[in-house]
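*Asks:* Got a predicted model here, sequence first, then my questions.
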Amino acid sequence: MCASAPHQGQTCAVPSITGRVEVNLTVRDPLASAVWYAQLLGIETLYEFVPADGRVSYACLVEPSSGLVLCFVGHPTNPGEPFDETHTGLDHLEFLVATRDELDEWASRLDHLGVEHSGVKQPAHTENAMLTFRDPDNIQLEFFWRSPSARHE
């Protein structure tokens, strides 16, 4: 704990975090989103919250090897508009892959699932490559490969 404010010259230790990442996305239909992501990523249901009225309003998935948790939240006041990354908040979700070849494998998987995508792209300004697509709520998703020679980008 810091006894004085940082501007008085004292540095404070930064509390630790576990490293586990949990992402909570507001969606129109949490159960449908959970099914879509589970099918896409091959991940399993962690839990669902069902309020007394029976409407599923919270569904979470976990990817066992990385520990990534994706949760889908249905707010009763959600007007149902599709996601727009140009508004304040989330821009996109990026899933890193280990090799460039895995992007081609993901493109094939998206084709198999009937998910429209960009194809594998490598921008002229970098050696990195990516594959972009959108979920049922229009949230932009990306599989991204970071070239070993471009780790700082």
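*Replies:* Alright, I've got the coordinates. Note that the coordinates shown come from a computational prediction; the quantities given were computed from them, not determined experimentally.
*Asks:* who's in contact with the residue nearest the centre of the chain?
*Replies:* Per Cα atoms, centre = their mean, the C-alpha nearest to the average position across the chain is that of L93, at 3.8 Å. Under the criterion of Cβ atoms under 8 Å, 6 or more residues apart in numbering, the contact partners of L93 comprise V23, L25, I139, Q140, L141, E142. Backbone N, C-alpha and C define where each C-beta goes, glycine included.
*Asks:* now with 10 Å?
*Replies:* Taking Cβ atoms under 10 Å, 6 or more residues apart in numbering, we find L93 in contact with V23, L25, L70, D135, I139, Q140, L141, E142.
*Asks:* Verify the contact between N24 and L70 for me.
*Replies:* Yes: in this structure, N24 sits in contact with L70. The criterion is Cβ atoms under 10 Å, and the distance is 8.2 Å.
*Asks:* Could you pull out the residues contacting both of the two?
*Replies:* In terms of Cβ under 10 Å, 6+ apart, N24 and L70 are both contacted by the residues C60.
*Asks:* so K121 makes contact with L131?
*Replies:* Yes: contact criterion Cβ under 10 Å: K121 and L131 qualify, at 7.2 Å.
*Asks:* Those two: which has the busier surroundings?
*Replies:* Residue environment comparison for K121 versus L131 gives the larger neighbour count to L131, 24 against 13, counting by other Cβ atoms under 10 Å.
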